[in-house]
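Visitor: Here is the input, now give the coordinates:
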Amino acid sequence: MRSSAIRIVACVLGAALVAASCTAPADGSPADDAGADVEEPRDEPLDGSDGEDPLDEAESSDAESSDAEFDDTLSDADMGGSGDAGDVDCSEEALSGGEDGFAFTSAHRVVDGLLGEVCFGELDQLLVEAWDALATITPPGQLTDLALFAGFEPDGDAEVDTLAFVNALDVDGNQFQMTVNVVEAEADPDELLLTLAHEFSHVFTATQTQLDRTDEAIDDCDTYFNGEGCYLADSLMMGWIEEFWDGGLIDTVDPFEDSVEDADARCAADEGFFGSYAATSPEEDFAEAFSAYVFRVEPDTAGQADRLDWVDAQPGLFEFGERADAAGLTPLANNFDLCG
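Guide: Alright, predicted model coming up:
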């Protein structure tokens with residue numbers, strides 16, 4: 001079960017990278033990271049398609065309406081990356097941030113939201129299929145924040161249960177890298193789906209329009225400083241924090257160090273968390289709930305239902321679930337450990 005073997009934890013991948021979120025062992029121990037000449041990225045998808053949305057034929061006027069609503073909150077400009085993906089370093093050192101523990105097997109540049117040619121290692125069809133799953137549930141235009149999509153095999157006992165991680169590629173949060181454990185992806189396809197949704201939430205809640213990483217904003221932060229930047233007052237995460245982490249709960253979180261004991265205590269006190277690791281921080285709480293929402297996981301408690309209802313009410317977020325429905329990827333079982 002997800003709860004007994006897996007946690008999503010924050011990890012820092014060296015000074016060149018800003019922050020990462022990754023799936024790691026249930027004991028809360030942090031995970032490390034690790035990635036040849038670079039080929040030019042291709043501008044067309046690897047599957048030979050014309051780059052159109054894979055669910056175009058299933059889209060309806062309702063979906064078009066949801067796109068319009070999405071523009072009012074997290075627009076394409078909000079979630080669209082900036083910079084040239086072709087300039088992103090795809091060397092092993094860059095992929096790993098200089099950290100050990102992850103043996104990178106393959107990596108692709110992401111060009112304008114499409115999976116480009118292999119830029120490190122060899123083509124891995126399983127990694128391509130993971131990308132296809134991510135692209136299937138993600139509304140068009142929202143994958144442009146990703147600049148690298150990579151696969152790894154664990155290179156140490158502590159990394160065996162790490163399913164994936166996300167890290168910013170620059171100090172401003174313009175572009176991100178998502179990395180997937182290809183061994184675990186093959187072993188548990190359903191867990192991979194939940195993990196992809198979870199990790200992508202760490203991307204769209206950490207863009208420049210959501211999180212201000214400037215020194216001035218950090219020094220004067222009057223919302224919440226997550227160890228990387230200061231959330232804007234109208235950001236998704238501030239809305240989440242105000243709804244589910246009020247009453248001083250947010251003040252018990254150390255943004256620089258995850259505490260398994262503190263997370264377990266919060267889990268014991270609140271049935272709303274989707275597992276004990278969700279209680280580690282508001283980011284992980286949102287990410288677990290978002291993944292459960294996308295794949296129509298049935299809530300076990302009223303508190304979990306409240307979280308799913310909140311996600312459903314956010315313009316733009318409900319479309320992820322609709323796309324998963326249309327692709328026949330739902331529902332998935334609720335294997336999160338119970339809190340409360």
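Visitor: Report how many residues lie close to Glu298.
Guide: 12 (other Cβ atoms under 10 Å). In this view, the C-beta of every residue, glycine as well, is placed from N, C-alpha and C.
Visitor: just the strands in the stretch 51-200 of the chain please.
Guide: Assigned by DSSP state E, counting those that start in this stretch, the strands in the stretch 51-200 of the chain fall at 102-111, 114-121, 146-154, 164-168, 176-181.
Visitor: tell me what the last one is packed against?
Guide: Same thing as strand 176-181. In terms of contacts (3 or more Cβ pairs under 8 Å, 6 or more residues apart in numbering; DSSP states H and E), strand 176-181 is packed against helix 125-137, strand 146-154, strand 164-168, helix 189-204.
Visitor: repeat that with 7 Å
Guide: strand 146-154, strand 164-168 (3 or more Cβ pairs under 7 Å, 6 or more residues apart in numbering; DSSP states H and E).
Visitor: That one to helix 125-137, inter-axis angle?
Guide: Orientation check (axes from the mean of the first three to the mean of the last three Cα atoms, to 10 degrees): strand 176-181 against helix 125-137 gives 130 degrees.
Visitor: Touching strand 176-181 from outside, list them.
Guide: 127, 130, 145-152, 154, 162-169, 199, 203 (Cβ atoms under 7 Å, 6 or more residues apart in numbering).
Visitor: end to end, how far does stretch 168-175 reach?
Guide: End-to-end distance of stretch 168-175 (Cα to Cα, to the nearest Å): 6 Å.
Visitor: Counting neighbours, which bits of that stretch end up buried?
Guide: For stretch 168-175, a neighbour-count test (16 or more other Cβ atoms under 10 Å) marks Ala168, Leu169, Asp170, Asp172, Gly173, Asn174, Gln175 as buried.
Visitor: that older thread, just send the helices and strands packed on strand 176-181 back as a markdown table, with distance to Glu322 and mean pLDDT too.
Guide: Listed next are the helices and strands packed on strand 176-181 as a markdown table, based on distance: least, Cβ to Cβ, whole Å; pLDDT from 0 to 100:
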| stretch | distance to Glu322 | mean pLDDT |
| --- | --- | --- |
| strand 146-154 | 21 | 96 |
| strand 164-168 | 23 | 95 |
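Visitor: deepest of those strands, which one?
Guide: Mean neighbours per residue, mean count of other Cβ atoms under 10 Å, is largest over the helices and strands packed on strand 176-181 for strand 164-168, with a mean of 26.
Visitor: Just grab the bridge partners of the residue nearest to Asp220 when sequence neighbours are not counted for me.
Guide: Among residues not flanking Asp220 along the chain, Cys230 sits closest, at 7.8 Å (Cβ to Cβ, 6 or more residues apart in numbering). Here Cys230 sits in beta bridges with Asp212, Phe225, going by DSSP bridges.
Visitor: Quick check: Cys230 vs Ile218, distance?
Guide: According to Cβ to Cβ, to the nearest Å, Cys230 and Ile218 sit 6 Å apart.
Visitor: quick one: which of those two has more around it?
Guide: Cys230 (22 against 14).
Visitor: Now do the contacts for that one.
Guide: Contact analysis of Cys230 by Cβ under 7 Å, 6+ apart lists Asp212, Ala217, Ile218, Cys221, Thr223.
Visitor: let's see 8 Å
Guide: Residues in contact with Cys230, defined by Cβ atoms under 8 Å, 6 or more residues apart in numbering, are Leu211, Asp212, Arg213, Ala217, Ile218, Asp220, Cys221, Thr223, Tyr224.
Visitor: Same check on Glu271?
Guide: Contact partners of Glu271, counting by Cβ under 8 Å, 6+ apart, are Thr301, Ala302, Gly303, Gln304, Leu338, Cys339, Gly340.
Visitor: What is the nearest of those residues to Asp258?
Guide: Closest approach between these and Asp258, by Cβ to Cβ: Cys339, at 16.5 Å.
Visitor: Show the model's pLDDT score for the closest one.
Guide: pLDDT, Cys339: 98.
Visitor: element containing it?
Guide: Of the helices and strands defined by DSSP states H and E, none includes Cys339.
Visitor: surely it meets Asp285?
Guide: No - using Cβ atoms under 8 Å as the test, Cys339 is too far from Asp285 to be in contact (10.5 Å).
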